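K.L.:
Got a sequence here, can you model it:
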Amino acid sequence: MKSILFFCLLFISGSIYSQNMKRPAPQWLLNAVFYQVYPQSFYDTNGDGVGDLSGITAKMDYIHSLGVTALWINPFFVSPFNDGGYDVADYYKVAPRYGTNEDFKLLCSEAKKRGIRVIFDLVAGHTSWDNQWFIESAKAERNKYSDWYIWTDNVWSERYDVIRGIYPRFGGYLPNFFVSQPALNYGFAIPDPNEPWQLSPNDPGPMAVRAEMRKIIKFWFDLGADGFRADMALSLVKGDLKGDFTAKIWQEIRTWMETNYPDNVLIGEGGRPSISIKKAGFHIDFTLPWNMPAYNSLFRKSFPNEGGTKEGVDPYGFSVFDGSGHGNILEFLDEFTKHYEEVKEYGFISIVEGNHDLHPRISYGRTNNEILQVFLFTLTMPGVPFLYYGDEIGLKSVNGLPGKEGSYDRSSVRTPMQWDNTEVNAGFSTASKEKLYLPIDPDENRPAVSQEEKDPLSLLNQTRILISTKKTCKALEADASWKLLYAERGKMPLIYKRTKDNQTIIIAINPSLANVEATLKIDDLNSIPATIWGQNKAFHKKGDFWIVTLGPASGGIYEITK
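P.N.:
Sure thing, here's the model as predicted:
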């Protein structure tokens, strides 16, 4: 009866929250470009082979030079690092290898001087088994933390996929990911009345966990953070198939943030925008291959692993941005459009080009011009773009590396940033090579910041120009309208329109390695549009139609002049 009553109350309150989710985002988010930094691989200032927070601060001028307006930093908290820091042992303290809490405060201060916001990665669904909360929870005696994690009440039961036989407690615990990551207890959507250990979300244990998460968020906000990205954002309440119960938790945090930190942002790793954005109130949700399968059709369908190749028979089919020109852009757009139309008045979808989980890197199998077409797409589609560290210089995947701290096959995209062409670890660290967090790309032709700084046509400098162009166009802001003008299965180009206030922009993209042409009607285009960025002379008129012609791996941003 208790669980049924709670469900009814949640349904009512959830409906109220959903009606109120059409709330304005912080204004700075409309023109934001995020830069993701994997801290252990960015820059090492103390010579121990591991990047640190001081390293991010030391490179803040470089980050600012990219034109990005915000930083997302992967977890930097105390951890045994069984999962690269996504197994937190102490949420209130910077891991010693990264520095101190004061180093984080300084990082935020230096970022703000340059107009850059900082968000941290919050792992809300689970902790490390080294976390003191879990150590206490695993004791046989009841205590404050007994119900902070999900434990069965019988160690001999085999009905549930739990970890047993390690701790004194008479039961097994539910892990969220790896065995060393016990799930925090936010309750069950509909607890089984025959299993009294399944608590409801409003029982004291789950409520205490929610209160603690808010304390953690406040702690880092007060040190200078401008928001957070919630890892595995929809993993909180168990058995929550529609996401309503988990959404209520995030809705409460969003409301609290709007009252106390109205300029801060809430970003979710959900991959289900209708829940993450519309129900839960996240400002941003990501396109993710594990929840939005069509995402893979964009960049990595042709490359199922780092051993993949463009040549020969590929059972995975073609990616849209693989140079062949045969990918099916409609596979992605059909899914994206559905999500976009559903959530566009509530928040933003981010089409990521890469991150610490996606492999291979976006440079794999692509020339610099091909990479630029990827950036043109992610920077001009609706929503808020994210750029993964090193992709702006074409940092390569380093294949064949062993797993590091739970990375397994993701090691290839987590290698150190390459700052110069010196033999000493490409400028990343003064440590001996064997002490490096991960090896530097051994290729003698590897890209480096110092090399690309000198070449105005380098990927780095072209990316800077593209980011600057995106930020100067009102019609490319996150909430500008979007209309598809031309897209066909197995053909290029891709053409769409963005409009806001008095500006209308047309984006035309050809990721293929062949010349392409499209014939289409554009009702409000009466004269050749002005080229803002990219290929000139792409448009010419033929009767009532416009012919758009693009060369290999090229594209552009064009403004309709009144």
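K.L.:
going forward, measure contacts and count neighbours with C-alpha atoms only.
P.N.:
Noted.
K.L.:
Strands of the stretch 301-450 of the chain, start to end?
P.N.:
In the stretch 301-450 of the chain, the strands defined using DSSP state E, counting those that start in this stretch lie at 348-350, 386-388.
K.L.:
how many neighbours does the residue nearest to residue 162 when sequence neighbours are not counted have?
P.N.:
In space, residue 162 comes closest to residue 174 once its chain neighbours are excluded; the distance is 4.7 Å by CA to CA, 6 or more residues apart in numbering. Applying other CA atoms under 10 Å, we find 21 residues neighbouring residue 174.
K.L.:
that older thread, just the strands of the stretch 301-450 of the chain: most buried one?
P.N.:
strand 348-350 (a mean of 25; mean count of other CA atoms under 10 Å).
K.L.:
elements contacting it?
P.N.:
Packing contacts for strand 348-350, counted by 3 or more CA pairs under 8 Å, 6 or more residues apart in numbering; DSSP states H and E, involve strand 284-286.
K.L.:
one step back: quick one: the strands of the stretch 301-450 of the chain as a markdown table, columns for mean pLDDT too.
P.N.:
Converted to a markdown table, the strands of the stretch 301-450 of the chain look like this (pLDDT from 0 to 100):
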| stretch | mean pLDDT |
| --- | --- |
| strand 348-350 | 97 |
| strand 386-388 | 98 |
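K.L.:
Export the ones you listed to CSV and append columns for distance to residue 247.
P.N.:
Below are the strands of the stretch 301-450 of the chain laid out as CSV (distance: least, CA to CA, whole Å):
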stretch, distance to residue 247
strand 348-350, 16
strand 386-388, 24
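K.L.:
what's the pLDDT at residue 513?
P.N.:
If you check residue 513, the pLDDT there is 96.
K.L.:
With residue 86 instead?
P.N.:
On pLDDT, residue 86 comes in at 98.
K.L.:
How about the one 3 residues further on?
P.N.:
Residue 89 carries a pLDDT value of 98.
K.L.:
now it, nearest residue through space, not along the chain?
P.N.:
Leaving out its chain neighbours, the residue that sits closest to residue 89 by CA to CA, 6+ apart is residue 131, at 3.9 Å.
K.L.:
quick one: that neighbour from residue 548, how far?
P.N.:
According to CA to CA, to the nearest Å, residue 131 stands 58 Å off from residue 548.
K.L.:
Kindly confirm whether my reading is correct that the residue nearest to residue 162 touches residue 185.
P.N.:
No. With contact defined as CA atoms under 8 Å, residue 174 does not count as touching residue 185 (9.3 Å).
K.L.:
Residue 184 and residue 477, how far apart?
P.N.:
In terms of CA to CA, residue 184 sits 37 Å off from residue 477.
K.L.:
Looking at these two, which one has more neighbours?
P.N.:
Neighbour count, other CA under 10 Å: between residue 184 and residue 477, residue 184 has more, with 28 against 24.
K.L.:
partner residues bridging that one?
P.N.:
Per DSSP bridges, the residues bridged to residue 184 are residue 149.
K.L.:
Local confidence estimate at it?
P.N.:
98.
K.L.:
Also residue 303?
P.N.:
54.
K.L.:
Same check on residue 293?
P.N.:
pLDDT for residue 293: 84.
K.L.:
do the same with residue 444
P.N.:
For residue 444, pLDDT reads 89.
K.L.:
State the phi and psi torsions of it.
P.N.:
phi -70, psi -20 (degrees, to the nearest 10).
K.L.:
got any ranges where the stretch 1-150 of the chain has weak pLDDT?
P.N.:
1-21 (pLDDT under 70).
K.L.:
how about the strands in it?
P.N.:
For the stretch 1-150 of the chain, the strands defined by DSSP E, counting those that start in this stretch occupy 34-37, 70-73, 77-78, 90-94, 117-123.
K.L.:
Surely the residue nearest to residue 89 and residue 90 touch.
P.N.:
Yes. Between residue 131 and residue 90 a contact is recorded at 6.3 Å, counting by CA under 8 Å.
K.L.:
How about the contacts made by residue 551?
P.N.:
Contacts of residue 551 were listed using CA atoms under 8 Å, 6 or more residues apart in numbering, and they are 510, 513-516.
K.L.:
quick revisit: which of the strands of the stretch 1-150 of the chain sits closest to residue 294?
P.N.:
Between residue 294 and the strands of the stretch 1-150 of the chain, the shortest gap by CA to CA is with strand 34-37, which sits at 23.0 Å.
K.L.:
I'd like to know which elements that closest one is packed against.
P.N.:
Short answer (3+ CA pairs under 8 Å, 6+ apart): strand 34-37 packs on strand 70-73, strand 386-388.
K.L.:
Kindly list the main-chain dihedrals of residue 188?
P.N.:
When read as degrees, to the nearest 10, the backbone of residue 188 gives phi -110, psi 140.
K.L.:
Tell me which residues touch it, please.
P.N.:
Taking CA under 8 Å, 6+ apart, we find residue 188 in contact with 198-201, 237-240.
K.L.:
What residues are bridge-paired with it?
P.N.:
With DSSP bridges applied, residue 188 shows beta-bridge pairing to residue 238.
K.L.:
let's number from 47 now, not from 1
P.N.:
Let's use 47 as the start, then, which means that last one is residue 234.
K.L.:
Residue 293: what secondary structure?
P.N.:
Three-state call for residue 293 (DSSP: H, G, I helix; E, B strand; the rest coil): helix.
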